[in-house]
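Visitor: Give me a model of this one.
(one chain, ligands or ions: 2)
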Amino acid sequence: MEARAGANQRIARISAHLQPSNFQEGSDVLLKRGECRAKGGAPGFKVAILGAAGGIGQSLSLLMKMNPLVSVLHLYDVVNTPGVTADVSHMDTGAVVRGFLGQQQLESALTGMDLVIIPAGVPRKPGMTRDDLFKINAGIVRTLSEGIAKCCPNAIVNLISNPVNSTVAIAAEVFKKAGTYDPKRLLGVTTLDVVRANTFVAEILGVDPREVDVPVVGGHAGVTILPLLSQVKPPSSFTAEETEYLTNRIQNGGTEVVEAKAGAGSATLSMAYAAAKFAGACLRGLKGEAGVVECAFVDSQVTELPFFATKVRLGRAGAEEVYQLGPLNEYERIGLEKAKRELAGSIQKGVEFIRK
Ligand SMILES: NC(=O)c1ccc[n+]([C@@H]2O[C@H](COP(=O)([O-])OP(=O)(O)OC[C@H]3O[C@@H](n4cnc5c(N)ncnc54)[C@H](O)[C@@H]3O)[C@@H](O)[C@H]2O)c1
Ligand SMILES: O=C(O)C[C@H](O)C(=O)O
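Guide: Ligands and ions are numbered 1, 2, ... in the order given. Okay, here's the model as predicted:
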């Protein structure tokens, strides 16, 4: 009898927390909702996804809920988080999931986070460049970065919102203004370029893409995406035609998807995969695992530019080591000069957006 009364109480408590209206009532209710699942929660890191109800955000939420290093997963968006949170929270993995809706809940979503992943913002349509997204996404990234500076200044930030070549500079300027900037902790996500490069190179070589490692340096737009085919592992050689074909396809991989989706957005599934791979690497670094190396667009002294993508070693402090470019062939040296010219303008545009 007593056991039944206790069970009924537990059911009543859970049902109350699952009312969709609770999402509008403030974060306390949402925290309690998470707590009712926290008993089974695994020890690990606290991760927030900003833009969690979007094309990338939803799949990324699914993948991060599957990561055993995540103990708490905060899903924030300006629309539709109740549905996404309810859905993802039913997965029988360790992470406790909490949803946050609208700007009044941004601070609750961010407080205490170890890693913040940002896929918030509008995607491209056919005929647009990533820079055409600047007008809308720059303001979104500024607002979210201000929230991070205030609520979790020590979190590692994975910035996905385009144009990455400018949005990373925007976030850096916001953090500098707030006095919280740590160059090791701000990482522009370029993993999709590496994922594509590995896939396309594996197709040419006729091998499993999981056996291939292509460093992709520079930035994340058109000619700024520079695959270093001379440094492919396992060591491989390519004809001039193959080099031209692979470089063009890797640089235009995003446009290939935008055109195939014909107005319905840009890469979401492969990007969620790439973002989860990169975030997973950041978490392994945070945990203290040795030898975690990924490409990322970071504060850098590798070139004369303030930001540049190269391989970085991820550790407890974030991007603890930024690797040099290594030996380049003539084709890559020419590509590097082109990449730097375009990158300089994109970075400056991001800096000026905050400093103006
Ligand atoms: N770095 C990369 O390699 C890469 C790859 C693919 C896409 N992207 C970029 O990622 C971004 C998102 O793409 P998507 O396909 O998921 O777009 P989407 O439109 O499907 O989703 C974006 C989400 O962001 C949300 N959002 C808008 N303003 C917000 C705010 N102020 N705070 C929180 N959330 C907000 C929207 O409500 C939406 O749910 C785009 O800018 C796109 O260009 C980057
Ligand atoms: O191409 C885009 O606009 C999205 C993204 O940057 C990509 O590379 O797929």
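
Visitor: Taking the stretch 1-150 of the chain, what residue is nearest to ligand 1?
Guide: Gly54 (2.0 Å; CB to the nearest ligand atom). The C-beta positions use only the backbone N, C-alpha and C, and glycine is treated the same way.

Visitor: Which element, helix or strand, includes Thr303?
Guide: According to DSSP states H and E, Thr303 maps onto no helix or strand at all.

Visitor: Quick check: closest non-adjacent residue to the residue of the stretch 1-150 of the chain closest to ligand 1.
Guide: Pro119 (6.1 Å; CB to CB, 6 or more residues apart in numbering).

Visitor: what's the distance between that neighbour and Ile160?
Guide: Distance, Pro119 to Ile160, using CB to CB, to the nearest Å: 4 Å.

Visitor: Over to Ala290?
Guide: From Ala290 to Ile160 the distance is 26 Å (CB to CB).

Visitor: Same check on Thr190?
Guide: 10 Å.

Visitor: Val217 reaches Val312, doesn't it?
Guide: No: applying CB atoms under 8 Å, one finds Val217 not in contact with Val312, separated by 10.9 Å.

Visitor: Overlap in contacts, these two.
Guide: Shared contacts of Val217 and Val312 (CB atoms under 8 Å, 6 or more residues apart in numbering): Cys295.

Visitor: the more surrounded of the two?
Guide: Val217 (30 against 24; other CB atoms under 10 Å).

Visitor: What distance do you get for the more buried one to Gly335?
Guide: 9 Å.

Visitor: residues shared between the contacts of these two?
Guide: In contact with both Val217 and Gly335: Leu226, using CB under 8 Å, 6+ apart.

Visitor: Closest residue of the stretch 1-150 of the chain to ligand 2?
Guide: For the stretch 1-150 of the chain, CB to the nearest ligand atom, closest residue to ligand 2: Arg124, 3.8 Å.

Visitor: neighbours around that residue, how many?
Guide: 23.

Visitor: Ala290 and Ile160: which is more packed in?
Guide: Set Ala290 next to Ile160 and count neighbours by other CB under 10 Å: Ile160 wins out with 29 against 8.
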